[in-house]
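**Student:** dropping the sequence and predicted coords here.
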Amino acid sequence: MEIEFERIHLQCDLLSPLKGFQEISVPTEVRIDPLTKRRSRIITWGLPSKGKFDFSQMIEESKGCFFCPDALHLKTPQFLKETVLEGRIVMGKAVGFPNLNPVGTHGNVVVLCQEHFLNLNQFTPQIFEEGFSVSVEIIRRTMALDPNIRYWQISQNFLPPGGSTILHPHLQVIGDPIPTNEMEWLVSAGSSYYERNKSVYWNDLIEREREIGERYITSIGKVHWFVSFAPIGFNEVCATVEGHGTINTLGEEEISSLARGIVSVLKYYYDKDLNSFNFSIYSISNAPSYQLLLRIISRTPIQPYYLNDWTSFEVLQSELTSNIFPEDLCREIRPYFS
Ligand SMILES: [Zn+2]
């Protein structure tokens, strides 16, 4: 196997007003992702927490939204009859339907629960199990009619810093005949790796990370949880599911493992006074050297004088940053998985 963990050490020298204008050296670490070769910078001087944000006014002003139980079955779109005869897909408290503002061939929403708002420590495994089950059913029914829709993302944008206009917890389930940039990079680099090594990159990565022990969190069934060597977002945690490239081939046990892991990560974020996050599951059919990947990152929390975590580095230089050393994050988050 040819997995390399490359680091580049950068250093900035200056006369510091904090040290009586003595010369100091400030290091920055640049890491290169072993698969995509994308660079990330580890920057650890983030602003201190301002405590937990009081959401009561936001909840009061926005409750009774389209996703709340009274309005959902009256005001949200329905699937075409040939896709879902009953209009919407309901499993437990989760309800799936087409997005009124789609951004692709099949843009769908899955409302996760009847509660208009949940703190990060209030999400339960059952909420995500039901949400993922509805997502799988949407994918199955769509692909039964059009097998060319190979590329699916199951994502959550939570709160305005995560890009959501609606507080009510929901997933985006988006399918297309073409990949997103990220999917293209993962499949293409995974395929090249397979050609060279005759093995699946993610299996080799897990084997190496388990040996090293600094970034591997745990396995829950066939789902392996780890922290990326070169994260592309703040507090990034990943999961890969052994032997699967798509979410629609997973059994109940794997769906439950993904749900439990996400809830563990959200509890850690809550304890760190974070409140906004994004995750994506990259689900890709007919790509034998690809293995299902989930990435979850925190966003800078909603709070007075909100600070965006995407600066010119990310939006204009395509150089992504992390706020914590991955090895430190792994050590801190492990107990949340036990
Ligand atoms: Zn609502």
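**Tutor:** Great, that's in hand. Source: prediction; values computed, not measured.

**Student:** strands of the stretch 1-150 of the chain, start to end?
**Tutor:** 6-16, 22-32, 39-42, 89-91, 94-98, 106-111 (DSSP state E, counting those that start in this stretch).

**Student:** got a list of contacts for the second one?
**Tutor:** In other words, strand 22-32. Contacts to strand 22-32, defined as CB atoms under 8 Å, 6 or more residues apart in numbering, come from residues 5-16, 38-43, 229-230, 325. The C-beta positions use only the backbone N, C-alpha and C, and glycine is treated the same way.

**Student:** PyMOL command for the buried members of those residues?
**Tutor:** Only the buried members of these enter the following PyMOL selection, criterion being 16 or more other CB atoms under 10 Å:
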select buried, resi 38+39+40+41+42+229+230+325
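
**Student:** filter the contacts of strand 22-32 by proximity to the ion?
**Tutor:** Residues shared between these and the neighbourhood of the ion: none [CB under 5 Å from the ion].

**Student:** neighbours of F279, how many?
**Tutor:** 25 (other CB atoms under 10 Å).

**Student:** dump the residue contacts of Y193.
**Tutor:** Neighbours of Y193 in contact, by CB under 8 Å, 6+ apart: E2, L35, S199, Y201, S289.

**Student:** so where do the helices sit in the stretch 101-250 of the chain?
**Tutor:** 125-145, 181-197, 201-212 (DSSP state H, counting those that start in this stretch).

**Student:** can you list those helices in TSV and add distance to the ion?
**Tutor:** Output for the helices of the stretch 101-250 of the chain, formatted as TSV (distance: least, CB to the ion, whole Å):
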stretch	distance to the ion
helix 125-145	14
helix 181-197	30
helix 201-212	37
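
**Student:** closest to F313 out of those helices?
**Tutor:** helix 181-197 (17.8 Å; CB to CB).

**Student:** what distance separates that closest one from the centre of its chain?
**Tutor:** 20 Å (CA atoms, centre = their mean, to the nearest Å).

**Student:** so which bits of that helix are buried?
**Tutor:** E182, M183, W185, L186, V187, A189, G190, Y193, Y194.

**Student:** next, the angle helix 201-212 makes with it.
**Tutor:** Angle of helix 181-197 versus helix 201-212, following axes from the mean of the first three to the mean of the last three CA atoms, to 10 degrees, is 80 degrees.

**Student:** and the residue nearest in space to the middle of the chain, what helix or strand is that in?
**Tutor:** Among the residues of the chain, the one closest to the centroid is F279, at 1.9 Å (CA atoms, centre = their mean). Per DSSP states H and E: F279 is located in strand 276-284.

**Student:** need the CA coordinates for that strand. CSV is fine.
**Tutor:** Presented in CSV, the C-alpha positions along strand 276-284 are these (Å, rounded to 0.1, in the frame of the first residue of the first chain):
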residue,chain,number,x,y,z
SER,A,276,-24.1,24.6,13.5
PHE,A,277,-22.8,21.8,11.3
ASN,A,278,-22.8,20.1,7.9
PHE,A,279,-22.5,16.5,6.9
SER,A,280,-22.5,14.7,3.6
ILE,A,281,-22.7,11.0,2.7
TYR,A,282,-21.3,10.4,-0.7
SER,A,283,-23.3,7.5,-2.2
ILE,A,284,-22.1,6.3,-5.6
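
**Student:** which secondary structure elements does the helix or strand that that strand is followed by sit against?
**Tutor:** Remark: after strand 276-284, the chain's next helix or strand is strand 293-299, criterion DSSP H and E. For strand 293-299, the elements it packs on are strand 234-241, helix 252-271, strand 276-284, judged by 3 or more CB pairs under 8 Å, 6 or more residues apart in numbering; DSSP states H and E.

**Student:** contacts for strand 293-299 next, please.
**Tutor:** Contacts of strand 293-299 (CB under 8 Å, 6+ apart): 159, 161-162, 186, 202, 228, 231-240, 258, 261-262, 265, 269, 272, 274, 276-282, 309.

**Student:** hang on, the earlier thing: tell me which of the helices and strands packed on strand 293-299 sits nearest to the ion.
**Tutor:** Closest approach to the ion among those (CB to the ion): strand 276-284, 17.1 Å.

**Student:** so how far is the closest one off the chain centroid?
**Tutor:** Taking mean C-alpha positions (CA atoms, centre = their mean), strand 276-284 and its chain are 3 Å apart.

**Student:** and the angle for it with strand 293-299?
**Tutor:** Going by the same axes, to 10 degrees, strand 276-284 makes 160 degrees with strand 293-299.

**Student:** partner strands of strand 276-284, with direction?
**Tutor:** Sheet pairing for strand 276-284, assigned by DSSP bridges, gives strand 151-158 (antiparallel), strand 293-299 (antiparallel).

**Student:** may I see the buried residues of the first one?
**Tutor:** Going back to what we said before, that points to strand 151-158. Y151, W152, Q153, I154, S155, Q156, N157, F158.

**Student:** isn't the first one right next to E182, touching?
**Tutor:** When you say that, I think you mean Y151. No: using CB atoms under 8 Å, Y151 is not in contact with E182; the gap is 10.4 Å.

**Student:** want to throw the helices of the stretch 101-250 of the chain into JSON lines with mean pLDDT?
**Tutor:** Listed next are the helices of the stretch 101-250 of the chain as JSON lines, based on pLDDT from 0 to 100:
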{"stretch": "helix 125-145", "mean pLDDT": "98"}
{"stretch": "helix 181-197", "mean pLDDT": "97"}
{"stretch": "helix 201-212", "mean pLDDT": "97"}
